[in-house]
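# Would you be able to build a 3D model of this:
(one chain, ligands or ions: 1)
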Amino acid sequence: MDPPASIPPSRAEPFPATGVPAGPAPDRRRLPDWRSVLAVVAHPDDESFGLGAVLAAFVAAGAEVSVLCFTRGEASTLHGVSGDLTEVRAKELRAAADALGVISVELLDHPDGRLSEVPLADLTAQVSAAARTGATGLLVFDPSGVTGHPDHRRATEAALGAAGTLGLRVLGWTVPADVAATVNAEHATSFVGHPPSAIDLTVTVDRARQHEAVRCHPSQAVPASPLWRRLELLGDNEHLRWLPDGQGKAH
Ligand SMILES: [Zn+2]
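Sure, this is the predicted structure:
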């Protein structure tokens, strides 16, 4: 009987699996070599307006990307098209996911705007169930929520809890502090950015698929949205941070 085929060593990761990320400078310009990525977000459009370019980059690199979205976004004050937002935004999410090359979407129906009222253990369990299908790593909004929305913070909190249980690494999407300050000054928004010293990865992205995905959300991608100015200021760069998991460990 032939010996079992040896398992090839995993391809080089930019950072060791334990300890503080400290890869050489070039590794700070590329995404980790994840085979399967689970994006955990609060609202339909977060996967596109926020994470779209990064998710498209993972897809382009050959990763299988899935999205878990906690709410249907029914509480949005934006209403660019007629109809019940609960239904409109669910359809928009599925179209946007297709545009990004996402292979599966799980849309839950927790209350939009009140995610913090849902027991954290319930949310964490739902992330864990989704991640157990084979996720190599999680992609989330930065714990600040980026736009300041409390639902964004709660979604990330749940993802970090699941990551701690499953031993998964988590990348948090953020924006540079100067971009946040400019958008806030021009649009009276509450973006929370990070200085360069707090940003671990800055990757060059192609925004074509993101723009296509954004167009799949006509109820939210209204002309006055600060989204457009943010994308303009970011240019072809996106910024990420390695997040400590719910156990306080930086993977
Ligand atoms: Zn959102």
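
# which residues in the stretch 51-200 of the chain form strands?
Per DSSP state E, counting those that start in this stretch, the stretch 51-200 of the chain carries strands over the ranges 64-71, 104-110, 137-141, 169-174.

# neighbours around the closest residue to Ala131 other than its chain neighbours, how many?
Of all residues not flanking Ala131 in the chain, Leu38 sits nearest, at 5.2 Å (Cβ to Cβ, 6 or more residues apart in numbering). Every C-beta, even on glycine, is put in place using the N, C-alpha and C of the backbone. Look at Leu38: counted by other Cβ atoms under 10 Å, it has 29 neighbours.

# Assign Leu38 to helix, strand or coil.
strand (DSSP: H, G, I helix; E, B strand; the rest coil).

# Quick check: it touching Val140?
No. Using Cβ atoms under 8 Å, Leu38 is not in contact with Val140; the gap is 9.2 Å.

# And the residue nearest to Ala131, how far from Thr156?
In this view, Leu38 and Thr156 are 13 Å apart by Cβ to Cβ, to the nearest Å.

# before we move on, what about Gly50?
Gly50 sits 11 Å away from Thr156 when distances are taken as Cβ to Cβ.

# Report the set of residues contacting both of these two.
Common neighbours of Gly50 and Thr156, counting by Cβ atoms under 8 Å, 6 or more residues apart in numbering, are Phe141.

# Which residue of the two possesses the greater neighbour count?
Set Gly50 next to Thr156 and count neighbours by other Cβ under 10 Å: Gly50 wins out with 28 against 25.

# Now do the contacts for the more buried one.
Val41, Phe141, Val146, Thr147, Trp173.

# What pLDDT is listed against the fourth one?
Spelled out, it's Thr147. The model reports Thr147 with a pLDDT of 97.

# burial measure for it, as a count.
21.

# what does the one 5 residues further on give?
Using other Cβ under 10 Å, His152 has 25 other residues around it.

# How about the backbone phi and psi for the closest residue to it other than its chain neighbours?
Leaving aside its sequence neighbours, His152 sits nearest to Gly145 (Cβ to Cβ, 6+ apart; 3.6 Å). Main-chain torsions, Gly145, degrees, to the nearest 10: phi 90, psi -10.

# how far out from the middle of the chain is stretch 148-155?
12 Å (Cα atoms, centre = their mean, to the nearest Å).

# Could you do stretch 231-239 as well?
The answer for stretch 231-239 is 15 Å, by Cα atoms, centre = their mean.

# And it, what's buried?
Buried residues in stretch 231-239, counting neighbours by 16 or more other Cβ atoms under 10 Å, are found at Leu231, Leu233, Leu234, Glu238, His239.

# Tell me the confidence at Asp46?
If you check Asp46, the pLDDT there is 98.

# Distance of the nearest residue to Val175 once chain neighbours are set aside relative to the ion?
In space, and not counting its chain neighbours, Val175 is closest to Gly193: 4.8 Å by Cβ to Cβ, 6+ apart. Applying Cβ to the ion, to the nearest Å, the value for Gly193 to the ion is 17 Å.

# Could you pull up the residues touching Gly193?
Thr174, Val175, Pro176, Ala177, Asp178, Val179, Ala180, Ala181 are the contacts of Gly193 under Cβ under 8 Å, 6+ apart.

# which non-adjacent residue is nearest the residue of the chain found nearest the ion?
As assessed by Cβ to the ion, the ion sits closest to His43 within the chain, at 3.6 Å. The shortest distance from His43 to any non-neighbouring residue, by Cβ to Cβ, 6+ apart, is to Gly73 (4.3 Å).
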